[in-house]
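Novice: sequence plus predicted model, see below.
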Amino acid sequence: MRAIDDTTVRSDRSDGAALRGRAARAGVPTIPLPRHSAQAAARTARPAKGCAAVPAAASTGVAALLRGPVRQARVLLSSPTAVYLQVVGERATGDVVGILTSDATRLPLGCVLFRPGNGRPLVALAAGARAEVGGGRIVVGDLVVSAAAWWDPRPRLPGGRPALLPEGVRQLRNTLYGEGVPHSSFTLPGLPTGPGGPLAALRGAVRRADLEAALRTATRLIGSGPGVTPAGDDVMAGTVAGLVLLGHPAAERFAAGVCSLAAGRTSELSAALLRHAAAGRVSAEYAAVLRGLVGERPLAPAVDRLLDGGATSGRATALGLCTAIDLVERTTRVR
């Protein structure tokens, strides 16, 4: 059985067959939960106050939070498909973990439930409400979620600098921008348009193969646009992750610069997603497109799923990926 990113769904629990079926139907890639980690979680977890734990497939990007000691957290946002928690810790901005339904965008900081949303918020709690994360589970209100399986948000691509299929790249660009439409006409809601706008500046930096100029556009994009994850942040997250995963030699420096700029400029959720992007951890939808670009899976449905994500997030992230591909092609080209 294959999941959204073509990884095999597995679990080492006695009810593994049931979990495999639910994970596969939800489209969640998983990896085994080591027995010693499960035992450690059982020793450190607090009593659930009579609430049965709901199993989920957790991203290894938040494994340290979930497997570690129980820590206090607060609700950032609750919706019918997700609840995001900021975990109190040594990092000044804290860390963020999400509980996601199976029909939500599978973000690299998420624990994905084996069911879709039902139109009601996952928890009836306001922003700022207390929660707990650690000991193998998340407790927020009456909802208790346990890490029953794991999935890896960093796609494994062939080689240090994977070769992308030229026809696949053209297909991605045509689907994003529109076939025969100038890339300069592409816009995102809430971001300034015209020759003086940040997207025009980013395109100009790409045309000149100027990585430093591309990084400077982050000062104009981070925090720009509406939404919990502003469109400008999604563009930069897609760019950062693309540079990292495609093996650009300056990816680490570029990513560090973007993450530094994000501090205090954007939401806690966006800042956390930028940190995951800097480590090459992406949504399952983004990973599926990359796998399509290297010929490991059908590309067209993967691109459609990515572009359909959120009000603007999917298209903005895809723009970031296209930007990364262009920068890799132009700035690493042998002269």
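Specialist: Arrived safely.
Novice: helices of the chain, start to end?
Specialist: 16-26, 35-44, 63-67, 166-177, 198-207, 211-216, 218-221, 231-245, 251-262, 268-278, 284-293, 299-307, 313-331 (DSSP state H).
Novice: distance to Ala53 for those helices - can I get that in CSV?
Specialist: In short, each C-beta sits where N, CA and C put it, glycine included. As requested, the helices of the chain are arranged in CSV below (distance: least, C-beta to C-beta, whole Å):
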stretch, distance to Ala53
helix 16-26, 13
helix 35-44, 11
helix 63-67, 12
helix 166-177, 40
helix 198-207, 44
helix 211-216, 44
helix 218-221, 40
helix 231-245, 31
helix 251-262, 33
helix 268-278, 24
helix 284-293, 23
helix 299-307, 29
helix 313-331, 30
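Novice: Pro158 is nearest to which of these?
Specialist: helix 284-293 (10.1 Å; C-beta to C-beta).
Novice: quick check: angle from that closest one to helix 166-177?
Specialist: The directions of helix 284-293 and helix 166-177 differ by 140 degrees, with axes from the mean of the first three to the mean of the last three C-alpha atoms, to 10 degrees as the criterion.
Novice: now helix 284-293, how far from the chain's geometric center?
Specialist: The chain centroid and the centroid of helix 284-293 are separated by 12 Å, computed with C-alpha atoms, centre = their mean, to the nearest Å.
Novice: ok, stretch 158-177 next?
Specialist: With C-alpha atoms, centre = their mean as the basis, the distance from the averaged C-alpha position of stretch 158-177 to the chain average is 19 Å.
Novice: for that stretch, which positions count as buried?
Specialist: Neighbour-count burial for stretch 158-177, with 16 or more other C-beta atoms under 10 Å as criterion, is recorded at Pro162, Leu164, Gly168, Val169, Gln171, Leu172, Arg173, Thr175, Leu176, Tyr177.
Novice: which strand residues bridge the nearest residue to Ala147 once chain neighbours are set aside?
Specialist: The spatially closest residue to Ala147, leaving aside those adjacent along the chain, is Ala58, at 4.0 Å (C-beta to C-beta, 6 or more residues apart in numbering). With DSSP bridges as the criterion, the beta-bridge partners of Ala58 are Cys111, Trp150.
Novice: ok, Ala58 - contacts?
Specialist: Residues in contact with Ala58 (C-beta atoms under 8 Å, 6 or more residues apart in numbering) are Leu66, Gly110, Cys111, Val112, Ala147, Ala149, Trp150, Trp151.
Novice: cool, Ala316 as well?
Specialist: Leu188, Gly225, Ala231, Gly232, Asp234, Val235, Gly238.
Novice: break this protein into its domains for me.
Specialist: In the assignment given by automatic domain parsing, the structural domains of the chain cover 37-151, 166-331.
Novice: which among these is found nearest to Leu157?
Specialist: For Leu157, the closest of those is domain 166-331, at 5.8 Å, according to C-beta to C-beta.
Novice: how distant is that closest one from the center of its chain?
Specialist: Between the centre of domain 166-331 and the centre of its chain there are 12 Å (C-alpha atoms, centre = their mean).
Novice: can you measure across that domain, start residue to end residue?
Specialist: 17 Å (C-alpha to C-alpha, to the nearest Å).
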